[in-house]
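[1] give me coordinates for this.
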Amino acid sequence: MAGLPAAHGSEPGQVRKEAATAILCECRGLGSPPIFLVHFLVSNPYRDTVTQVLARKWRPRNFTQLVGQEHVVRALTNALRQQRLHHAYLFTGTRGVGKTTIARILAKSLNCEQGITDAPCGICGACTEIDTGRFVDLIELDAASNTQVDNMRELLENALYAPTSGRFKVYIIDEVHMLSRNAFNAMLKTLEEPPGHVKFILATTDPQKIPVTVLSRCLQFSLKQIPQLQIRDRLSTILESENVAADVVSIALIARAAEGSLRDALSLLDQAIAHGGGQLDEESTRAMLGAVDQTYLFTVLDALAIQDGAALVAIVDVMAERSLSFEAALQGLGTLLHRLALAQIVPNAIADSDPDQVRILQLSQKFSAEEVQLYYQIANQGRAEIGLAPDEYAGFMMTLLRMLAFSPEGIANKPLGVQSEPVPYVKPVATIGAVAKPSLQQTGEQSMASAGADPSAWNQLVSQLGLNAMAKQLALRCELVSRSAERVELRISAAEERLFDQATREKLIQALKQHLGAGVVVKFISGKSEGVSPKALTERKAAEAQKAAVVQIQQDPFIQELISDFGGAVDHSSIKSHLTQQEDKQ
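    Purely as a prediction, here's the structure:
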């Protein structure tokens, strides 16, 4: 072995015994001079100081370690146990869900020295070489870098030769949708009837771009995004094994930011550990992700619950001072509103392990279902329009002001800075703790008491309550049965009663108590309508005005002359009195 280059740390022209090994090559046959293949084993003094990234270190080595793809694992393990092997597999799904990982595990299952199995041993030569990327019969091809037909022809020509050391020659073609049309055409015949020792495993994030002729020749497996709960559990296990201190909130933030990709979650985990100086805490994780602290969003919803515009402005100013992303804030606000809606319908859906469970359940009691749905729609619309705003601050602020302006409670018309009560504000009421007595300011109450069940008095009172939306419609359909200083009885027909839920009734009751006094008892009774509700009176007046308008038109001399000269007729449906027009607008 004279003339071999010296290894590191040796004298020139010398090779250390532990630094090189010579292997006799017998491929030239007898009588030929021997050829020695020299493999240098140069030790790397920095090998032990380099940390392997978590995404590679914790890549699953067998089917039992896979997370979130149970439907694929079941199909493949059953096929391996029953020796029902296909010659071509296609794995589809978004990034980081396990397409290449499953392909490598499948290659190990096919070439394990213990035999074809769904549980490769992981210690034989084939398994270890596949894990380290040195198995000669496993060819991984990146279709994005080998798009041309010449690359595919070369691959197919090599596929004809038998495996060198394994049972099967496995071709893993990643991002296969990047191949050109001619490359796909070149592989069709081989993909349909490959040699018995060849297995094709294709992976793609965009199966729509793969020709149907290729899809029909493969077994297709669609890998789904991994749920956040499973990502959190996996991250917790890894952090415990790595002896890294972490809190629950940080893990949940990373799992949410990964958007169903476990590889993205591990990459973010690596970054978060470095950002936090070897540990995970909520503050540093939020700063790294650019996520908005949930405390700000909870405070925003608290201000919306009491319709406090001044508090909203103050919160947005604080967020701007800390340079928080308002687009991320809108995204987080939409997510939080979704969880509020879920808590209102299915409270048990909020897990006990959720650190925000108590706050979410409390907030869900402060909003009606209609409010949550409206705010969720406005948040999503604001996020879509934030790029059109003068700046993110203005876009976020206008979204919150829009929530105030279109509040179903109808109490957002107050000037910003005036803190309101949870019930509609109309006029001052008696001091808290004092006995409710009629005052000079309560002229509406006195007129109602003297009028008894006068329909016109009830109509006048409804106009003074300042109701909006469904609560106003309920008041317009009610008839005043009786009225005393302590009790108000309202009648509504059974057909219209089904249109309004208990929450709408409570809004009307609170408005009446606010206007007439907190001690007033409001009772609803179901019965046959007598046609004296504000809505019925309005419709009756509109019908009379419409009839008078028709008569007036028919008696108009000019109209009569037109009918006489041209033989026409009056279209009654085209005549609208001023009351009918007002009713249509309502």
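
[2] pLDDT weak spots in the stretch 1-150 of the chain?
    Applying pLDDT under 70 to the stretch 1-150 of the chain flags the ranges 1-50.

[3] switch to 80 and redo it
    Scanning the stretch 1-150 of the chain for pLDDT under 80 picks out 1-51, 146-148.

[4] for it, which segments count as helices?
    Counting by DSSP state H, counting those that start in this stretch, the stretch 1-150 of the chain has helices at residues 54-57, 70-81, 99-111, 125-132, 149-159.

[5] go through the last one and flag the buried ones.
    By that I understand helix 149-159. Neighbour-count burial for helix 149-159, counted by 16 or more other C-beta atoms under 10 Å, picks out 149, 151-152, 155-156, 159. Placement of C-beta: from N, CA and C, glycine included.

[6] quick one: list the elements packing against it.
    Judged by 3 or more C-beta pairs under 8 Å, 6 or more residues apart in numbering; DSSP states H and E, helix 149-159 is in contact with strand 138-142, strand 169-174, helix 181-192.

[7] just name the most buried of the ones you listed.
    Highest mean neighbour count of the helices and strands packed on helix 149-159: strand 169-174, a mean of 24 (counted as mean count of other C-beta atoms under 10 Å).

[8] quick one: closest of the helices of the stretch 1-150 of the chain to Ala287.
    helix 54-57 (20.3 Å; C-beta to C-beta).

[9] could you dump the helices and strands packed on helix 149-159 to TSV with distance to Leu361?
    Listed next are those as TSV, based on distance: least, C-beta to C-beta, whole Å:
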stretch	distance to Leu361
strand 138-142	49
strand 169-174	46
helix 181-192	54
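
[10] which of the ones you listed sits closest to His572?
    Among the helices and strands packed on helix 149-159, the nearest to His572 by C-beta to C-beta is helix 181-192 (67.9 Å).

[11] which strands and helices sit next to that closest one?
    In terms of contacts (3+ C-beta pairs under 8 Å, 6+ apart), helix 181-192 is packed against helix 149-159, helix 212-215.

[12] what comes into contact with the last one?
    It refers to helix 212-215. For helix 212-215, contacts defined as C-beta atoms under 8 Å, 6 or more residues apart in numbering pick out 90, 176, 184, 187-188, 191, 202, 207.

[13] mean confidence score for it?
    Average pLDDT, helix 212-215: 90.

[14] what packs against the helix or strand just after that helix?
    Using DSSP states H and E, the next helix or strand after helix 212-215 towards the C-terminus is strand 219-222. On a contact count with 3+ C-beta pairs under 8 Å, 6+ apart, strand 219-222 meets helix 70-81, strand 88-92.

[15] ok, the shortest one: who's next to it in the sheet?
    It stands for strand 88-92. The pairing partners recorded for strand 88-92 under DSSP bridges are strand 198-204 (parallel), strand 219-222 (parallel).

[16] deepest in the core, which of the ones you listed is it.
    Comparing the strands paired with strand 88-92 by mean neighbour count (mean count of other C-beta under 10 Å), strand 198-204 comes out on top with a mean of 24.

[17] ok, residues contacting that strand?
    Counting contacts by C-beta under 8 Å, 6+ apart, the residues outside strand 198-204 that touch it are 85, 87-92, 99-100, 103, 106-107, 110, 159, 168-177, 190-191, 194, 210, 214, 218.

[18] for the closest residue to Val53 other than its chain neighbours, what are its contacts?
    Distances taken as C-beta to C-beta, 6 or more residues apart in numbering place Asp270 nearest to Val53, at 5.7 Å, with adjacent residues excluded. Neighbouring residues of Asp270 by C-beta under 8 Å, 6+ apart: 53-55.

[19] distance check, the residue nearest in space to the middle of the chain against Gly68.
    With distances taken as C-alpha atoms, centre = their mean, the chain has Thr335 as the residue nearest its mean C-alpha position (6.7 Å). In this view, Thr335 and Gly68 are 21 Å apart by C-beta to C-beta, to the nearest Å.

[20] if we can go back for a sec, turn the contacts of helix 212-215 into JSON lines, including distance to Ile123.
    What follows is the contacts of helix 212-215, written out as JSON lines (distance: C-beta to C-beta, whole Å):
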{"residue": "Leu90", "distance to Ile123": "30"}
{"residue": "Val176", "distance to Ile123": "32"}
{"residue": "Phe184", "distance to Ile123": "39"}
{"residue": "Met187", "distance to Ile123": "35"}
{"residue": "Leu188", "distance to Ile123": "39"}
{"residue": "Leu191", "distance to Ile123": "33"}
{"residue": "Leu202", "distance to Ile123": "29"}
{"residue": "Pro207", "distance to Ile123": "36"}
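
[21] that older thread, got CSV for the helices and strands packed on helix 181-192, with distance to Leu400 too?
    Formatted as CSV, the helices and strands packed on helix 181-192 follow (distance: least, C-beta to C-beta, whole Å):
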stretch, distance to Leu400
helix 149-159, 55
helix 212-215, 48
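
[22] among those helices, which is nearest Ala257?
    Each of the helices and strands packed on helix 181-192 was scored for nearness to Ala257 using C-beta to C-beta, and the closest is helix 212-215 (32.8 Å).

[23] distance between that closest one and the chain's centre?
    Remark: helix 212-215 is offset 32 Å from the chain centroid, using C-alpha atoms, centre = their mean, to the nearest Å.

[24] check stretch 315-333 too.
    Relative to its chain's centre, stretch 315-333 lies at 19 Å (C-alpha atoms, centre = their mean).

[25] list the buried residues of it.
    For stretch 315-333, the neighbour count (16+ other C-beta under 10 Å) marks 315-316, 319, 324-327, 329-333 as buried.

[26] now Tyr161: closest residue in space, sequence neighbours ignored.
    Closest residue to Tyr161 apart from its sequence neighbours, by C-beta to C-beta, 6+ apart: Lys169 at 7.9 Å.

[27] beta partners for that neighbour?
    Val198.

[28] so it versus Leu90, what's the distance?
    Taking C-beta to C-beta, one finds Lys169 at 18 Å from Leu90.

[29] give the helix, strand or coil label for Gly531.
    Put simply, Gly531 is coil when judged by DSSP: H, G, I helix; E, B strand; the rest coil.

[30] number of nearby residues for it?
    Here the number of neighbours of Gly531 (other C-beta atoms under 10 Å) works out to 12.

[31] and the end-to-end length of stretch 95-102?
    End-to-end distance of stretch 95-102 (C-alpha to C-alpha, to the nearest Å): 13 Å.

[32] buried residues in that stretch?
    Neighbour-count burial for stretch 95-102 [16+ other C-beta under 10 Å]: 96-102.

[33] before we move on, what about stretch 68-86?
    Here stretch 68-86 shows 68-69, 72-73, 76-77, 79-80 as buried, counting by 16+ other C-beta under 10 Å.

[34] got those as CSV, with distance to Ala394 columns?
    Converted to CSV, the buried residues of stretch 68-86 look like this (distance: C-beta to C-beta, whole Å):
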residue, distance to Ala394
Gly68, 41
Gln69, 44
Val72, 47
Val73, 50
Leu76, 53
Thr77, 56
Ala79, 58
Leu80, 59
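
[35] just those residues now: which is nearest Ser368?
    The shortest approach to Ser368 among those belongs to Gly68, at 36.5 Å (C-beta to C-beta).

[36] so the residue lying closest to that closest one once chain neighbours are set aside, which state does it fall into?
    Leaving aside its sequence neighbours, Gly68 sits nearest to Ile226 (C-beta to C-beta, 6+ apart; 3.6 Å). At Ile226 the chain is in coil, as set by three-state DSSP.

[37] contacting residues for Ile226?
    Residues near Ile226 by C-beta under 8 Å, 6+ apart: 67-69, 97, 260-262.

[38] how close does it sit to Ala258?
    In this view, Ile226 and Ala258 are 8 Å apart by C-beta to C-beta.

[39] cool, and Phe221?
    Applying C-beta to C-beta, the value for Phe221 to Ala258 is 21 Å.

[40] with Gly277 instead?
    Distance of Gly277 to Ala258, given as C-beta to C-beta: 22 Å.

[41] neighbour count: the two, which is higher?
    Summary of the neighbour comparison: Gly277 and Ala258, criterion other C-beta under 10 Å, with Ala258 having more neighbours (23 against 9).
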